[in-house]
Every structure is written in structure tokens, then in C-alpha cells.
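> quick one, what's the 3D model for this:
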Amino acid sequence: MFELFPAVTTLAWPFVIALAWIAGEFGHRLGLPRISVYGLVGFASGSAQLGILPTADDTTGTMLANIAFGLILFEFGYRINLRWLRTNRWLATTALLESLLTFACVYVIARAWGSPTLTALLLASLSMATSPASLMRVVNEQRSSGQVTERVLHLAAVNCVLALFAFKVVVGFWTFESSGNLVQAIVNSVVALLVSAGLGTAFGAGVPAVLRVAGRLSHDATIAFAIAVVVLVAVTYVLKFSPLVACLAFGLVARHRRVTLNQTQRNFGALGDLLAVVLFAHVAATIEWPRVITGLGLGLALVGVRMATKIAGSTALARLSGVSWRKGVLTGLAMMPMSVFVILLLEDTRYVGIDLIDTLAPLAAATLLLDILGPLMTQYALRAAGEAQEQALDHLAPNIRKS
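Next comes the predicted model:
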């Protein structure tokens with residue numbers, strides 16, 4: 001006899017991916033970022049909402065999401081020029097200022113709201129980060145380039161590294177307090193970060209070297225790097241290290257190995273576009289409505305405080321670092337997305353046996369709001385800065401058609 005319900009469950013994800021893509025295209029015509037619409041469809045389809053998707057207990061969806069995020073992180077890391085941070089010391093200082101200001105203010109708000117110390121530290125560490133996935137998709141979708149664009153990417157790179165380090169240290173304390181096992185606490189924090197970064201560095205040095213020896217660097221770079229990211233994510237995932245750190249290190253090292261990626265390879269082509277739908281729908285589907293309601297008050301406060309500190313931190317040293325006050329404000333506004341980074345980091349933590357999602361209910365509300373509004377703010381900031389080329393191309397399109 002045909003088993004209907006298992007078949008429906010199997011078809012759920014393909015159906016949701018198709019629906020998210022179609023909705024994203026229509027939403028884009030209305031001026032919305034595609035990824036915001038992907039997130040809305042994914043959230044609505046989640047097991048705790050409409051129940052179209054199964055519960056997020058299987059590792060396959062998380063693995064695919066990590067691969068998609070790995071591709072974006074590689075490209076994100078490739079865009080970062082460490083020499084710029086060394087040359088413009090005020091830019092590096094701005095990154096530290098806005099990250100530490102966000103950490104301190106979120107911690108104070110969380111403690112004032114009645115959160116335990118470790119919970120407040122976890123909320124503060126995660127709130128520092130800006131999601132590279134959302135930034136890269138909006139930047140590439142808008143074909144954006146300029147001072148605000150590059151500053152946002154570099155500030156996000158620094159605050160993501162600081163957030164990862166702080167989060168891992170707090171998780172280490174959490175593990176030690178829960179189990180009393182100092183070795184396990186160290187492995188879950190410092191060792192995991194170092195090994196993940198080491199694996200990414202090895203791939204960043206090894207893959208270009210192999211391509212140079214094979215004499216196929218200019219022809220096969222995109223497919224080779226995509227395959228390398230898939231392998232790297234799988235290795236770190238199985239060994240319970242951090243795919244996020246590894247892929248970011250991979251991109252950083254590959255850039256400084258003088259490997260050139262041309263414009264046709266942005267987003268890794270159709271593969272990257274497809275996996276982006278999976279990524280943003282999957283991440284939003286893991287957010288459960290009851291958790292959003294439970295943490296709504298503190299979640300709204302976190303969003304407000306985070307916006308204020310990001311704008312204040314990026315504006316305070318704007319003139320010293322070489323841009324106007326207005327561009328400093330727009331840079332802070334563009335750094336609002338954080339959802340994908342936070343959710344996948346928590347998913348990876350749960351996979352190694354530490355479940356913090358129920359403990360951090362306020363993040364559910366914050367990530368849901370910023371999953372939708374964050375990309376909108378980034379898009380607005382890039383357009384207000386005059387760096388979104390897609391908008392200019394849309395205005396030229398009627399004239400091109402007439403000619």
C-alpha cells in the first residue's frame with residue numbers, strides 16, 4: 001500500500017524550495033531582497049507554524065545549509081583585504097569599538113531583564129556578529145561597490161571573528177559549569193576554533209597549489225573551490241569542529257594566495273543561487289513561533305540596542321577613518337542582519353551535544369525580525385549611499401529598450 005504521509009514528508013522540502021524561489025522573484029520585483037522573502041516562506045512552512053516541513057532533527061538539512069553558508073563565507077573571506085585593516089588603523093579600531101559596545105550594552109540590557117549571567121554573556125556575544133550570508137547576497141544582488149560596501153564587509157569580518165571567539169569561550173564556561181569537565185570545556189572552545197581555522201588555512205594554501213601544478217587555475221577555479229568547500233564543510237561537520245571558521249579562513253587565505261575570481265563567478269553561479277534558497281528557508285524554518293512569543297520583549301530590546309550600538313560605533317570614528325558622518329550611519333545600519341550566522345552557530349553547538357536554543361529564547365524573536373528586516377536595512381543603506389548599481393541599471397533599462 002502506498003504510504004502517503006512519508007511521501008508527503010519527502011516532498012515537503014522540494015515544494016518549499018520551489019515556493020520560496022517563486023515568491024522571492026515576485027518579491028524582488030516589488031523591491032524586496034530575495035533572501036527576506038525566502039526567510040518568510042521558510043518560517044511560515046516550519047513545523048511549529050504551518051507544519052509543512054518536518055521537524056529540524058535530521059542532519060541532512062543542516063549539512064546542506066552549512067555547505068551553502070560555506071560557499072558564501074568563502075566568497076566573503078575572499079573579499080576581505082587584511083592589508084586595508086593594517087593600513088587604516090582607525091577602521092580596525094572602529095570594528096573593535098562597535099563590537100565591544102554592542103557586547104557591553106546587550107549584556108547590561110539582558111541582565112537588567114533578569115537573564116542569568118551566562119545567558120546574558122551568550123546573548124551579548126552572538127549580538128556582536130553581522131551575518132556574512134545576508135550581506136553578501138544583498139551586496140551581490142544590488143551589484144554594490146564603494147566605501148560603505150567595503151567598510152560593512154570588513155567590519156562584519158572583524159565582529160564575526162570576535163563573536164565566534166567570545167561565544168566559544170562562554171560555551172566553554174557553560175560546559176565546565178554543567179559537567180565539571182575542564183578538558184571537554186577547552187575542546188568545545190579554544191581547540192575547536194584553532195583546528196577549524198587550521199583546516200581552512202590548509203585548504204586555502206593547498207587548493208591553489210594543486211590548481212597551479214595542474215595548470216588549470218584560470219579555467220577550473222570556481223568548480224574546484226566549490227568542491228573544496230563541500231569537502232571542508234563535510235570534514236569539519238563530521239569531526240564536530242566549526243564549518244563557519246574553516247570556510248572563512250579558507251577564503252581569506254585563498255585571496256592572499258593571489259587567486260583571481262572574476263565577475264562571472266560571484267555567488268558560485270547557479271549552484272550558489274540554489275543553495276541560497278535552501279539556506280535562508282532552512283534557517284527561518286528552525287525558528288519556532290512559541291519561542292518568538294516567549295522572548296519577544298527582550299528580543300525587541302536586543303534589536304533596538306543592537307541597532308543603536310552598531311550605528312554609534314561605526315559613526316563615532318567615521319571622520320577619522322576617512323568617511324563622512326552620513327556614511328558612518330549608513331554603515332552601521334547596513335550591519336543589522338545576523339540571523340543566518342546565529343542560527344547555524346547554535347545548530348553546530350547543538351550537534352556537539354550542547355543545546356542552547358531553548359535557553360536563548362529572546363534570540364528567536366530577534367533573529368526572526370532581523371531575518372526579514374535586516375536585509376531590507378542593508379539594501380536601503382547601500383542605495384542611500386549611492387552604491388547599488390542595480391537601481392541605476394533599472395532606471396536605464398527603459399531607455400535601452402527604446403533605443
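> report the distance from the longest helix anywhere in the chain to the chain centre.
Looking across the chain with DSSP state H, the single longest helix is helix 147-179. Centroid displacement of helix 147-179 relative to its chain, using CA atoms, centre = their mean, to the nearest Å, is 12 Å.
> how about residue 146: what's its closest non-neighbour residue?
residue 387 (3.6 Å; CB to CB, 6 or more residues apart in numbering). Backbone N, C-alpha and C define where each C-beta goes, glycine included.
> any idea how many residues pack against that neighbour?
24 (other CB atoms under 10 Å).
> I'd assumed residue 143 was in contact with it.
No - counting by CB atoms under 8 Å, residue 387 does not reach residue 143; the two are 9.2 Å apart.
> who are the contact partners of the spatially closest residue to residue 143 that is not a sequence neighbour?
Nearest residue to residue 143, sequence neighbours excluded (CB to CB, 6+ apart): residue 389, at 3.9 Å. Counting by CB atoms under 8 Å, 6 or more residues apart in numbering, residue 389 touches 142-145.
> ranges for the strands of the stretch 301-403 of the chain?
Applying DSSP state E, counting those that start in this stretch to the stretch 301-403 of the chain gives no strands.
> look up phi and psi at the residue nearest to residue 146.
Dihedral angles of residue 387 (phi, psi; degrees, to the nearest 10) stand at phi -110, psi 0.
> confidence score at it?
Residue 387 carries a pLDDT value of 91.
> contacting residues around it?
142, 144-149.
> distance check, it against residue 133.
19 Å (CB to CB, to the nearest Å).
> now do residue 21
17 Å.
> so between the two, which is more surrounded?
Neighbours per residue (other CB under 10 Å) separate residue 21 from residue 133, with residue 133 holding more: 26 against 19.
> how close does the spatially closest residue to the more buried one that is not a sequence neighbour sit to residue 160?
Spatially, and ignoring its direct neighbours in sequence, residue 133 is nearest to residue 340 (4.2 Å; CB to CB, 6+ apart). Distance of residue 340 to residue 160, computed by CB to CB: 11 Å.
> these two: who's more crowded?
Neighbours per residue, other CB under 10 Å: of residue 340 and residue 160, the larger number sits with residue 340, 31 against 25.
> and that one, what is it in contact with?
Contacts of residue 340 (CB under 8 Å, 6+ apart): 69, 131, 133-134, 279-280, 283, 371.
> repeat that for residue 157.
Contacts of residue 157 (CB under 8 Å, 6+ apart): 76-77, 80, 132, 248.
> switch the cut-off to 7 Å
Neighbour list for residue 157: residue 80 [criterion: CB atoms under 7 Å, 6 or more residues apart in numbering].
> the one 5 residues further on now?
Contacts were defined as CB under 7 Å, 6+ apart; by that measure residue 162 touches 99, 128.
> I'd like the distance between residue 287 and residue 249.
Distance from residue 287 to residue 249, by CB to CB: 28 Å.
> residue 342 now?
Counting by CB to CB, the gap from residue 342 to residue 249 is 20 Å.
> equivalent analysis for residue 205, please.
Distance from residue 205 to residue 249, by CB to CB: 10 Å.
> same drill for these two, tell me which one is more crowded.
residue 249 (25 against 14).
> which helices and strands sit right next to the helix or strand hosting the more buried one?
Using DSSP states H and E, the element containing residue 249 is helix 243-256. Helices and strands touching helix 243-256, by 3 or more CB pairs under 7 Å, 6 or more residues apart in numbering; DSSP states H and E, are helix 59-79, helix 192-214, helix 217-238.
> got these as JSON lines, with distance to residue 52 and mean pLDDT columns?
Output for the helices and strands packed on helix 243-256, formatted as JSON lines (distance: least, CB to CB, whole Å; pLDDT from 0 to 100):
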{"stretch": "helix 59-79", "distance to residue 52": "14", "mean pLDDT": "84"}
{"stretch": "helix 192-214", "distance to residue 52": "34", "mean pLDDT": "85"}
{"stretch": "helix 217-238", "distance to residue 52": "26", "mean pLDDT": "81"}
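> quick check: which of those is nearest to residue 42?
For residue 42, the closest of those is helix 59-79, at 10.5 Å, according to CB to CB.
> what comes up buried for that closest one?
When neighbours are counted by 16 or more other CB atoms under 10 Å, the buried residues of helix 59-79 are found to be 61-79.
> who's in contact with that helix?
Contacts of helix 59-79 (CB under 7 Å, 6+ apart): 132-133, 136, 153, 225-226, 229-230, 232-233, 237, 243-244, 247-252, 254-255, 261, 268, 272, 275-276, 278-279, 282-283, 340, 344, 347.
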